[in-house]
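Next come a sequence and a model predicted from it.
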Amino acid sequence: MHLGRKTLSKFLIENVSGSRDGASLAALLVDVAAAVKAIAALSAKGALGGATGSLESVNVQGETQKPLDVLSNTAFVNTFQMGGLVAGVASEEMDEPFPIRAPYVRGPFLAVFDPLDGSSNIDANVSVGSIFSILHAPEQGEPQTADYLQPGQHQVAAGYALYGPATLLVLTVGRGTHGFTLDREVGNFILTHPNIQIPADTGEFAINTSNERFWEPPVTRYVSECKAGKTGPRERDFNMRWIASMVAEVHRILMRGGIFMYPRDTKDPGKPGRLRLLYEANPMGFVVEQAGGRASTGRERILDLAPTQVHQRVPVILGSRNEVDRLVRYHAEYDAGTDKPYESPLFSERGLYRP
Ligand code: AFP
């Protein structure tokens with residue numbers, strides 16, 4: 001029972017409603033929570049809800065859609081459309097942004113979201129999530145595509161929901177990062193993780209190593225040093241995790257530190273990274289920075305990037321401050337031609353496995 005503990009609504013009244021458009025922003029975040037509760041209920045049904053498996057349809061990213069991708073998108077779009085607090089929405093699952101038109105009422109914000117991140121995990125019953133970013137809408141008229149192309153530092157609010165053993169909502173309005181746990185019996189989000197701080201140092205890294213042959217040298221150097229552990233230049237052992245669900249990965253980092261990498265690679269020359277700037281990198285970058293972490297492409301701060309397309313992809317390196325800074329330094333040294341790639345003693349001149 002959570003009697004006496006702070007609900008999301010109470011938190012928003014205390015922390016958001018005083019600022020510019022604050023009451024509307026607080027109400028919009030309550031709408032986000034309503035959509036999240038609907039998606040949590042749907043995903044918790046698993047195969048019993050009839051929403052597992054794949055659909056025939058493919059989204060604008062060329063990815064096969066899952067029934068839960070589509071249902072989650074509908075949950076967000078309908079909630080925002082009915083709420084009267086946004087002028088338009090853009091989603092991973094929709095080719096073009098969707099303007100709110102009469103008879104619905106336009107509000108002062110734009111909502112950009114990935115309704116179900118990590119959906120390849122659904123059938124395996126592994127944690128998935130939703131990611132959202134709230135921007136100011138233009139003061140007049142229907143929003144155009146260009147209105148969504150705002151740098152991440154202009155976000156008014158951002159966050160994610162994690163549908164795991166517990167459903168969590170983690171958000172920032174630019175005053176720290178705070179986590180709320182859904183009390184399923186009562187239907188309220190309760191503040192359980194106020195002012196989350198990511199430890200500055202970590203012994204845990206997350207990257208999909210099946211892409212190793214496509215990485216750039218600074219990333220190869222960083223990961224080989226981690227893997228070399230106590231016998232390498234870092235002189236300590238590291239651990240590795242990869243869930244293939246960015247929300248779950250970022251949440252773990254918020255809870256105990258770590259570095260998450262989906263770096264630039266050469267796998268598909270048309271894509272400078274896998275993750276999408278507007279509804280993955282920017283909101284997660286905002287959440288992570290507000291928790292004392294860093295978010296970079298390796299060469300630029302993510303929140304400084306000027307978006308050029310709604311579904312633009314970027315390299316993402318985020319998490320514990322000192323580790324992200326180290327990898328950014330490795331990129332700078334590589335670009336300047338002063339880097340010192342790590343060579344495992346096993347494969348060096350006099351090593352065991354020298355070809
Ligand atoms: P979806 O949004 O299409 O479900 O993709 C999820 C994701 O972009 C992100 O959550 C993971 O970090 C990444 O995919 C994992 O993908 P790999 O299969 O390439 O490791």
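Okay, I see it.

alpha carbons only for contacts and neighbour counts from here, please
OK.

which residues touch residue 251?
Taking CA atoms under 8 Å, 6 or more residues apart in numbering, we find residue 251 in contact with residue 162.

For burial, what's the neighbour tally of residue 266?
15 (other CA atoms under 10 Å).

isn't it right up against residue 215?
Yes - Residue 266 is in contact with residue 215 according to CA atoms under 8 Å; the separation is 6.8 Å.

Where does residue 168 sit, in terms of helix or strand?
Using DSSP states H and E, residue 168 sits in strand 167-172.

Remind me what that strand packs against, helices and strands.
Applying 3 or more CA pairs under 8 Å, 6 or more residues apart in numbering; DSSP states H and E, we find strand 167-172 packed against strand 157-163, strand 177-183, helix 282-290.

in its sheet, what does the second one sit against?
In the sheet, strand 177-183 lines up against strand 167-172 (antiparallel), strand 188-193 (antiparallel) (DSSP bridges).

Comparing those, which comes out most buried?
Mean neighbours per residue, mean count of other CA atoms under 10 Å, is largest over the strands paired with strand 177-183 for strand 167-172, with a mean of 25.

List just the one of the strands paired with strand 177-183 that sits closest to the ligand.
The minimum distance between the ligand and these falls on strand 167-172, with 16.1 Å, by CA to the nearest ligand atom.

Now do the closest one: everything it contacts.
Under CA under 8 Å, 6+ apart, the answer for strand 167-172 is 33, 40, 157-162, 177-182, 189, 286-287, 290.

That strand: how far from the chain's middle?
Computed by CA atoms, centre = their mean, to the nearest Å, the chain-centroid distance of strand 167-172 equals 11 Å.

Could you check stretch 88-96 against the ligand for contacts?
No - applying CA under 6 Å from any ligand atom, one finds stretch 88-96 out of contact with the ligand, separated by at least 7.5 Å.

So, low pLDDT: which residues of the stretch 1-150 of the chain?
Scanning the stretch 1-150 of the chain for pLDDT under 70 picks out the ranges 1-3, 50-57, 59-64.

Show me how the protein divides into domains.
For the chain, automatic domain parsing gives the domain ranges 8-193, 204-341.

how long is the first one from one end to the other?
The reference is to domain 8-193. 12 Å (CA to CA, to the nearest Å).

where does it sit relative to the chain's centre, distance-wise?
With CA atoms, centre = their mean, you get 12 Å for domain 8-193.

how about the residues of the stretch 251-355 of the chain near the ligand?
Contacts of the stretch 251-355 of the chain with the ligand, taken as CA under 6 Å from any ligand atom, map to residue 275.

The residue of the stretch 251-355 of the chain found nearest the ligand: neighbouring residues, count only.
Nearest residue of the stretch 251-355 of the chain to the ligand (CA to the nearest ligand atom) works out as residue 275 at 5.4 Å. Residue 275 has 20 neighbours, counted by other CA under 10 Å.

Apart from its neighbours in sequence, what residue is nearest it?
residue 313 (5.2 Å; CA to CA, 6 or more residues apart in numbering).

I figured that neighbour was touching residue 276, is that so?
Yes - Residue 313 lies in contact with residue 276 (CA under 8 Å); the separation is 4.2 Å.

still on that earlier bit, export the helices and strands packed on strand 167-172 to TSV and tack on mean neighbour count and mean pLDDT?
Shown next, in TSV, are those (neighbours: other CA atoms under 10 Å; pLDDT from 0 to 100):
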stretch	mean neighbour count	mean pLDDT
strand 157-163	27	98
strand 177-183	21	98
helix 282-290	28	98
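
Adding distance to residue 230, write these out as TSV.
Shown next, in TSV, are the helices and strands packed on strand 167-172 (distance: least, CA to CA, whole Å):
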stretch	distance to residue 230
strand 157-163	34
strand 177-183	34
helix 282-290	28
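
wait, which of the strands paired with strand 177-183 is closest to residue 338?
Of all the strands paired with strand 177-183, it is strand 167-172 that lies closest to residue 338, at 38.2 Å by CA to CA.

Now the closest one - C-alpha only, PDB.
This file holds the C-alpha atoms of strand 167-172, laid out as PDB (Å, rounded to 0.1, in the frame of the first residue of the first chain):
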ATOM      1  CA  THR A 167       5.800  -0.900 -14.600                       C
ATOM      2  CA  LEU A 168       7.900   2.200 -14.100                       C
ATOM      3  CA  LEU A 169       7.500   5.700 -15.500                       C
ATOM      4  CA  VAL A 170      10.800   7.700 -15.400                       C
ATOM      5  CA  LEU A 171      10.700  11.400 -16.500                       C
ATOM      6  CA  THR A 172      12.300  14.700 -16.400                       C
END
